[in-house]
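Asks: How does the following fold in three dimensions:
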Amino acid sequence: MRFFYFICGTFQVPKHTDTTPMRKLKSLIVTILILVPFLVSDGQQQTYSTKSQKAIGLFQGALKLYNARQEEKALLELQKSLAEDAQFVEALQLSAEIYNTLRDFEKEIDAYLKLVSIDPDKNPKVYIFLGDAESNLGRYKDARTHYTKAALMKGLDTKTRSNLKTLIFKTDFAIKSMENPAQFNLVNLGDAVNTTLDEYWPSLTADEKMLIFTREIAAETPDVMGHAKGQEDLFFSTKDEKGNWTKSVTMGDNINTQKNEGSQTISVDGRLLIFTSCKRTDAIGHCDLYFSERDSSGWRTPVNMAKPVNSVAWEAQPCLSSDGVTLFFVSNRPGGKGGMDIWKSVLSESGTWGEPVNLGDSINTPGDEMSPFMHPDNNTLYFSSNGHIGMGGQDIFMARRSGDGWHRPINLGYPINTFNDESGLIVNARGNLALFASDRNPKKCRDLFAFALDKEFRPVVVSYVKGVVKDSDSNQEIRADFELSDLETSEIVAKTSSVKGTGEYLMCLPTDRDYGLNISKKGYLFHSENFSLKNAGDSLEPINVDISLQTIKVGRKEVLRNVFFNVDSYELSHQSKAELRNLIKFLNQNPEVVIEIGGHTDITGNEAHNDSLSESRARVVYQHLIDNGIGKERLSYKGYSSTMPVTTNDSDTGRALNRRTEFKVIDIKDK
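Replies: Residues are numbered from 1 along each chain as shown. The predicted model follows:
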């Protein structure tokens, strides 16, 4: 809000109905405060800075038009008023306020410069607003001069003087940032994605094959207030075989309505969409979060995420973590740190979302924090803020997780951030490419752009594994459950399932860990895969693995790919814990199944040693199962030495595959 000596009149601007409530940095409640030397008494203005009654009459007419949100007409009346008296302070002040509302900062600056030329020492806050307008155009050195001028004047309250120190600090940061710009090359995503309309809020699947974004469809006619704000809808584009984006199309009537849909997040596998929609009949608040799942037939009817995620306040701008467990979003609900804050809700084992938790002082400020994006590494958060030190307006920041909290956010710097509002940045899974919306193009509308992200701001590289799950007998695609475990800690780090009807799956793999992947389905043997990525570096390519699940039948077997022993030893490695947990779970779910644990070696070493080693390893697994509640009558073990290789022993890779532990179904008891 703008603070002057006296209130001349007030009006309240209706809350935005779109999914982006603070596209411009303007308070929802705007108070016109005019520099006048006397209070209003009994509805009559006692004195003005001009003696021209005609100028006063024109000014009062302009004020009524402004209160009715007819800004352009109000400016015409003010120009007439100033033609009668060019030094009419109240008319100049109202003109500056209107230019600020219209974001015509050049003319706002002119109006304030005229004001300070009339009486340079009258009011320090005029210099503050002048500095604000100059900051909005990137004239940071001029802004610093005027902020400093205000700071040296008398009549400032403690809070305003403190705010001035922050403003001066911000301009110093901006000046230094512009003197040391980062390498920055924006690449427009092209006409297949961008149009002459505004495109913004991108979301990208982990394989970078699907891009979803918000587009503002221009209104055919202005509203009753003369504004032509359009309707927000969701669109998507996919990549063709050559890696080019195909022509974007609407998400369809099942997602889009005549209301606003936008600021969305797509799960890493492209199957779950969470988005913001406003004023739906089932809404809890003004704008709520909704979700829709995609199967072989398309996107299902969206469902309100309900309480506690949604409230009577404003919820929008969701981001789903790559493991599908944590939902980040923006809200102005009670309990926050200021205006808009970033919150998170965690999915429980029962499948319900928990009570939202504020991200706290490390991220949120008394200002506005918006557009959260948690990278698939699950440790690097990108967001926008006007509360942290930046270039002015909304800047993009990065923060890395620190235990249960966050390290200090880092501003991405100039020219990624400018004097304009920047928001809605996302980063691809590989961590080397960022996407966001900008109006830095000849059309002056917002387009989607990509740029190479500086190494300082990159997350941990994330690869992914994808493929199709089929029934080994029928070769038909099936739905199966996936669990990804960190082998070092044995913790489950992600869960998903393949798509019903297509069998497709995708799971993200941050390259700083070793993983065990378990694929299971009722009535089938479970299958496991191993991904050793701890020292993979930044060059790891995506992994494609098609899975064939076997129905439970006597004689069928599966390799326990995540059961490990120390070299030339039968001592189980602690990294085997997750795999053995899966085997115990399988046996408990299928109590009629009797299995044999088989140990196998390569041809290295003599036959007697290999016989002993393979049998000892099988026996250790057998004993672990008994120690964890599996009856002896359902278990046996055998060492096969090197007699049953699955490939040649001519290479290190082949020998590693031959050194294995398996389980085989040897009987199925009657239930």
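Asks: What segments of this structure are helices?
Replies: In the chain, the helices defined using DSSP state H lie at 53-67, 71-84, 89-101, 105-118, 124-135, 140-151, 158-179, 577-589, 607-627, 652-658.
Asks: Export these as CSV, with columns for mean pLDDT and mean neighbour count.
Replies: Heads up, the C-betas are built off the backbone N, CA and C, glycines and all. Converted to CSV, these look like this (pLDDT from 0 to 100; neighbours: other Cβ atoms under 10 Å):
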stretch, mean pLDDT, mean neighbour count
helix 53-67, 95, 19
helix 71-84, 96, 18
helix 89-101, 95, 24
helix 105-118, 96, 18
helix 124-135, 95, 24
helix 140-151, 96, 20
helix 158-179, 94, 16
helix 577-589, 98, 19
helix 607-627, 97, 18
helix 652-658, 92, 14
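Asks: Of all those, which one is nearest Ser292?
Replies: Closest to Ser292 of the helices of the chain, according to Cβ to Cβ: helix 577-589, at 31.2 Å.
Asks: Counting by contacts, list what the closest one packs against.
Replies: For helix 577-589, the packing partners by 3 or more Cβ pairs under 8 Å, 6 or more residues apart in numbering; DSSP states H and E come out as strand 481-486, strand 514-520, strand 593-600, helix 607-627.
Asks: and with 6 Å instead?
Replies: If you count contacts as 3 or more Cβ pairs under 6 Å, 6 or more residues apart in numbering; DSSP states H and E, helix 577-589 packs onto strand 514-520.
Asks: mind checking how far the strand it packs on is from the chain centre?
Replies: A distance of 26 Å separates the centroid of the chain from that of strand 514-520, by Cα atoms, centre = their mean, to the nearest Å.
Asks: Let me see the mean pLDDT of that strand.
Replies: Strand 514-520 carries an average pLDDT of 97.
Asks: got the helices of the chain as a markdown table, with distance to Asp546 columns?
Replies: A markdown table is the format used below for the helices of the chain (distance: least, Cβ to Cβ, whole Å):
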| stretch | distance to Asp546 |
| --- | --- |
| helix 53-67 | 66 |
| helix 71-84 | 61 |
| helix 89-101 | 59 |
| helix 105-118 | 58 |
| helix 124-135 | 56 |
| helix 140-151 | 56 |
| helix 158-179 | 49 |
| helix 577-589 | 20 |
| helix 607-627 | 27 |
| helix 652-658 | 18 |
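Asks: With Arg408 as the reference, name the closest of the ones you listed.
Replies: Closest approach to Arg408 among the helices of the chain (Cβ to Cβ): helix 158-179, 14.0 Å.
Asks: Would you map out the domains in this protein?
Replies: Listed domain ranges for the chain are 6-179, 187-219+227-457, 461-469+477-535, 552-671 (source: automatic domain parsing).
Asks: Mind putting those domains into JSON lines with distance to Val545?
Replies: JSON lines is the format used below for the domains of the chain (distance: least, Cβ to Cβ, whole Å):
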{"stretch": "domain 6-179", "distance to Val545": "38"}
{"stretch": "domain 187-219+227-457", "distance to Val545": "14"}
{"stretch": "domain 461-469+477-535", "distance to Val545": "5"}
{"stretch": "domain 552-671", "distance to Val545": "11"}
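Asks: who wins for proximity to Pro542 among these?
Replies: Within the domains of the chain, the stretch nearest Pro542 is domain 461-469+477-535; the backing value is 5.3 Å (Cβ to Cβ).
Asks: Output stretch 363-377 as CSV, nothing but the C-alphas.
Replies: Extracted in CSV, the C-alpha atoms of stretch 363-377 (Å, rounded to 0.1, in the frame of the first residue of the first chain):
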residue,chain,number,x,y,z
ILE,A,363,11.9,-20.3,2.4
ASN,A,364,8.9,-18.1,3.3
THR,A,365,9.1,-14.4,4.2
PRO,A,366,6.6,-11.7,5.0
GLY,A,367,6.5,-11.1,1.2
ASP,A,368,5.2,-13.6,-1.4
GLU,A,369,6.8,-16.9,-2.2
MET,A,370,5.3,-18.7,-5.2
SER,A,371,5.7,-21.2,-8.1
PRO,A,372,7.6,-24.0,-6.2
PHE,A,373,9.3,-26.6,-8.3
MET,A,374,11.0,-29.6,-6.5
HIS,A,375,13.5,-31.2,-8.8
PRO,A,376,13.2,-35.0,-9.3
ASP,A,377,16.4,-35.3,-7.2
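Asks: which outside residues touch it?
Replies: The contact list for stretch 363-377 (Cβ atoms under 6 Å, 6 or more residues apart in numbering) reads 22, 268, 317, 319, 321-322, 328, 330, 337-342, 381-387, 406, 423-424, 426-427, 429, 459-460, 462, 508, 510.
Asks: Lowest average pLDDT across the domains of the chain?
Replies: Taking the mean pLDDT of those, domain 6-179 comes last: a mean of 81.
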